[in-house]
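**Q** Sharing a model prediction with you, sequence too.
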Number of protein chains: 2
Amino acid sequence: MADHQKPPNIYDVAHLADVSHQTVSRVINDSPNIKPSTRERVLAAMKELEYIPNAAARALVTARSKIIGILITDIVYHGPAGMMHAMEVEALNAGYMAISASVDPQSLESINRGVENLRRMGIEGLVVITPQSNSVSVVESTVTNIPVVYIDSPNQPKSLSASLDNFEGARLGTSHLIELGHKNIIHVAGPMAWFDALPRLEGYQKAMLAAGLKPRVIDGDWNIETGYLIGRNLDIDTDKVTAIFAANDNLSLGLMHAFRERGIDVPGRLSIVGFDDVAEAPYFEPPLTTLRPDLAKLGRVAMGLILGQITGESVEGSHTVRPELIVRKSTAKPPII
Amino acid sequence: MADHQKPPNIYDVAHLADVSHQTVSRVINDSPNIKPSTRERVLAAMKELEYIPNAAARALVTARSKIIGILITDIVYHGPAGMMHAMEVEALNAGYMAISASVDPQSLESINRGVENLRRMGIEGLVVITPQSNSVSVVESTVTNIPVVYIDSPNQPKSLSASLDNFEGARLGTSHLIELGHKNIIHVAGPMAWFDALPRLEGYQKAMLAAGLKPRVIDGDWNIETGYLIGRNLDIDTDKVTAIFAANDNLSLGLMHAFRERGIDVPGRLSIVGFDDVAEAPYFEPPLTTLRPDLAKLGRVAMGLILGQITGESVEGSHTVRPELIVRKSTAKPPII
DNA sequence: TAAGATTATGTGAACGCTAACATTGTATTA
DNA sequence: TAATACAATGTTAGCGTTCACATAATCTTA
């Protein structure tokens, strides 16, 4: 309540340390050719005054905000905390600050507003987390003159991207079932408006065809409820289905919930593989075999790409992070039918 | 790849619109006393040049960054996306940008660094999401001269806070069990280093005592695994335990997992109430009765408090958000033992 | 229509910092 | 010791805004 005095500036520090303001600036920026004793005097003065450099002034004169923007076009399924944190740390290590805006992927206006706000802050680069198709083009057309990196978007020649190797993950999961001896394996696919869904489908198909098996796909989305409904209606006897590769853990959870209701034993009668390895997966009933994506790594990679772009180290192509197969109790050898 | 020319400034716009730079500034800031025709000319010029106001320059001269900092001291359990999003939107509506830093609550250095980084950006206010005890004092001593609001911290007379009404939530959940006819209800508590844990315990106790029942508490933490271990070892027969109020959904999930292994029917033999209403709760086996906190609202409230502080509308005291009881299948009348 | 009030616009300075150049001090070499 | 190099520091200007003030244009009202 007492004194809301103006915060100290570089001149105040200079005055106290009895040097020019430029020398203070040099100390702040670790310039060479500063006498150690001088540096210490300045440092002491900064400490005494509790001096904090004014980011705005610096950004104004250098034309570099030291801020990276993160545009999150979907909040529920993606952009989990771990990934954000990883990105933040990566940025910080390079002297950058990360700032995020979450927008509604369905609304162009929302996306535009988000981008606009980030740009107003003077971001030097942008990471776009956009698991859905429509958002990309909007961003692409809106944001020019700063580097952009996409997470989870399909590889686009013109722009950089970091993505999960969904194809390989799906192949891995499906192969696991095939190796156990399953022949009739269904894939419950994710929504095709999402980038992740298609390569997961393709990875499944690839593995099936490679083993001489016939792929069979049921359309789904990412919701537990959908898995549940599919599970309730699925006829597993006609085609002697013994395994399901679901496009994500939610679907798996819903499926298993339905099967339990129907008295279909997992994995005795039916094996299930999910995708995502959500935190609860080990405690599903039964614990779920699934693919674990290293999202933190994905975030790090993406941030690394952006920083590389900014500092001019040209990095090319698209970078991919491979998920790991986590085998739990939801998969077993097929029953003899 | 073509022209990386310097972005246009206010003078460029002024020139094109044939007015002074100050008039452009007025248009940007919606000043009164601008002739409509002039405004339109300026607006057109801004559009043509794709002019974006330079936030740094503005922040420099106004000494207001229009940025609110959010310090997240724990990333795993809290600060879920929904809350962040709500805060962001709230800030945006007031013309502010939210910027977050996530830090390790165990490391004072990490906390300090996080605060430091935020302050360097010139934040005008700070929201601290700190469900653990130790962090608060650090922030309190470090951050002076800008308003701070705590989320989920205990009510502190000197600083503002927004928090979940854990006490009331716990009372609600316990009362639900009591109303069903349960007498021997155990509380599996959360870790006491977390602010949320104690009021949940107290709310449970209050409800029990009010009904003339004897509280019985088992120490836990927030982890599924812990719930599982407790569930495996719990003797429910000696004391004729018929219900458990767990401090969160994770514990409930672990407990139920253990009970299923042991052949203890939920809710036939044992009723369970959780806390949090995680997304998977409806698909637990059985679907979990739990308390749903409106985290988005909590975020909104907190951001509202900060903005109020900044704009000078003094808001007093601490604000609380009451969770809602969601009754599902994990609770039923007690069995006759 | 002249005086005052009000609306609309312009001018210069300042915010706090760094870049570029200028100057001084100190060490090195001939 | 003088000439030179280089290290250490200082001086000035400018980044793109808004603020405070000054001025010009227009509207009232007597």
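**A** Arrived safely, thanks for sending.
**Q** ok, how many other residues are close to the residue of the stretch 201-337 of chain A found nearest DNA strand C?
**A** Nearest residue of the stretch 201-337 of chain A to DNA strand C: A:Thr311, at 14.3 Å (Cβ to the nearest atom of the strand). (Each C-beta comes from the backbone N, C-alpha and C, glycine too.) Residues lying near A:Thr311 (other Cβ atoms under 10 Å in any protein chain shown) number 10.
**Q** show me the contacts for it.
**A** A:Ala94 (Cβ atoms under 8 Å, 6 or more residues apart in numbering or on different chains).
**Q** Could you check how far it is from A:Thr320?
**A** Distance, A:Thr311 to A:Thr320, using Cβ to Cβ, to the nearest Å: 22 Å.
**Q** What of A:Gln309?
**A** To A:Thr320, A:Gln309 is 18 Å away according to Cβ to Cβ.
**Q** Tell me the residues on the stretch 101-250 of chain A that lie near chain B, please.
**A** Selection of the stretch 101-250 of chain A residues close to chain B by Cβ under 8 Å from any Cβ of the partner chain yields A:Ala101, A:Ser102, A:Arg113, A:Glu116, A:Asn117, A:Arg119, A:Arg120, A:Met121, A:Gly122, A:Asn145, A:Ile224, A:Tyr228.
**Q** Isn't the fifth one up against A:Ala101?
**A** Yes. With contact defined as Cβ atoms under 8 Å, A:Asn117 reaches A:Ala101; the gap is 5.6 Å.
**Q** Which one's more surrounded, those two?
**A** A:Ala101 (27 against 22).
**Q** quick revisit: most neighbours among the residues of the stretch 101-250 of chain A next to chain B, please name it.
**A** Going by other Cβ under 10 Å, A:Ala101 tops those with 27 neighbours.
**Q** you'd agree it is up against A:Leu118?
**A** Yes. Counting by Cβ under 8 Å, A:Ala101 touches A:Leu118, with 5.4 Å between them.
**Q** where do the contact lists of those two overlap?
**A** Common neighbours of A:Ala101 and A:Leu118 (Cβ under 8 Å, 6+ apart) are A:Gly69, A:Leu71.
**Q** Residue numbers of chain A in contact with DNA strand D?
**A** Contacts of chain A with DNA strand D, taken as Cβ under 7 Å from any atom of the strand, map to A:19-23, A:26, A:31-35, A:38, A:57, A:60-61, A:63.
**Q** Just the buried residues of those residues.
**A** A:Val19, A:Thr23, A:Arg26, A:Thr38, A:Ala57, A:Leu60 (16 or more other Cβ atoms under 10 Å in any protein chain shown).
**Q** Between which two of the residues you listed is the distance greatest?
**A** A:Thr38 and A:Leu60 (26.6 Å; Cβ to Cβ).
**Q** Buried residues of stretch A:267-284, list them for me.
**A** A:267, A:269-284.
**Q** from these, which ones fall inside helices?
**A** Members of those lying in helices (criterion: DSSP state H): none.
**Q** Out of the residues you listed, which are close to chain B?
**A** A:Val278, A:Ala279, A:Glu280, A:Pro282, A:Tyr283.
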